[in-house]
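Engineer: predicted model, plus sequence, below.
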Amino acid sequence: MDSPQLPLIGWREWVKLPEFGIASIKAKVDTGARSSSVHAVNIEQFERDGIQTVRFQIAPVQHDAQQLVNAEAKLLCQRTVTDSGGHQEKRPVVITTVSLGDAIWPIELTLTNRDVMGFRMLLGRQAIRDRFFVHPGHSFLQSSKRKTKATDEEF
């Protein structure tokens, strides 16, 4: 049986999170991780008009804690996530739109502090399943250009 030809992505890519106003954030493509996550700080859960909501800030640029993007989303759930070191953490989960290359689609995104990690975002296997093939030996196959400020209009 022939499978459809899917676009090829590298092990790291620049992606957009348009609903949060983020035009550029470097993501590690991790087929070993089930879920996707983004570096978020000042996470605050509250209720608005009977809807559980979460307000947070994203620092999209590695080593730049000054450039913060304010974001807010409906809280999907709280999920216990086990990291690669076996540590468990309960994280808020939101649904947002991600853009990579010509593709735009909704993903579940966990919010956590990724300060000690090498990437501000992790794009897990659920987000890329049936959308892309991953080439582990290449980077930025769908995102070759970017601006220096994460909130600029173009890559």
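Structural biologist: Arrived safely, thanks for sending. Numbering: from 1, shown residues only.
Engineer: got the contact list for residue 122?
Structural biologist: Going by C-beta atoms under 8 Å, 6 or more residues apart in numbering, residue 122 touches 27, 28, 30, 33, 36, 37, 38, 114. Where C-beta positions appear, they are placed from N, C-alpha and C, glycine not excepted.
Engineer: out of those, which one has the weakest pLDDT?
Structural biologist: Lowest pLDDT of those: residue 114, 87.
Engineer: enumerate every residue touching that one.
Structural biologist: 37, 38, 39, 120, 121, 122.
Engineer: A helix includes it, no?
Structural biologist: No - according to DSSP: H, G, I helix; E, B strand; the rest coil, residue 114 belongs to no helix; its state is coil.
Engineer: counting only strands, which of the contacts of residue 114 make the cut?
Structural biologist: 37, 38, 39, 121, 122 (DSSP state E).
Engineer: buried stuff in stretch 91-105?
Structural biologist: 91, 92, 93, 94, 96, 98, 99, 100, 101 (16 or more other C-beta atoms under 10 Å).
Engineer: actually stretch 73-81, sorry about that
Structural biologist: Buried-residue list, stretch 73-81, by 16+ other C-beta under 10 Å: 73, 75, 81.
Engineer: now swap in stretch 11-19 and tell me
Structural biologist: Those would be 11, 12, 13, 14, 15, 16, 17, for stretch 11-19 by 16+ other C-beta under 10 Å.
Engineer: still on that earlier bit, now the two most distant members of the ones in strands among the contacts of residue 114.
Structural biologist: 39 and 122 (9.4 Å; C-beta to C-beta).
Engineer: thinking again about what came up before, of all the buried residues of stretch 91-105, which comes closest to residue 127?
Structural biologist: residue 98 (6.8 Å).
Engineer: now that closest one: which helix or strand?
Structural biologist: strand 88-100 (DSSP states H and E).
Engineer: convert that strand to CSV, retaining C-alpha atoms only.
Structural biologist: In CSV, the C-alpha atoms belonging to strand 88-100 read as follows (Å, rounded to 0.1, in the frame of the first residue of the first chain):
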residue,chain,number,x,y,z
GLN,A,88,6.1,14.0,36.7
GLU,A,89,4.5,17.5,36.5
LYS,A,90,0.9,18.5,36.3
ARG,A,91,0.6,21.0,33.5
PRO,A,92,-2.2,23.2,32.1
VAL,A,93,-3.2,22.2,28.5
VAL,A,94,-4.5,24.6,25.9
ILE,A,95,-5.4,24.2,22.2
THR,A,96,-3.9,26.7,19.8
THR,A,97,-3.0,27.0,16.1
VAL,A,98,0.6,26.3,14.9
SER,A,99,2.0,27.2,11.5
LEU,A,100,5.0,25.5,9.9
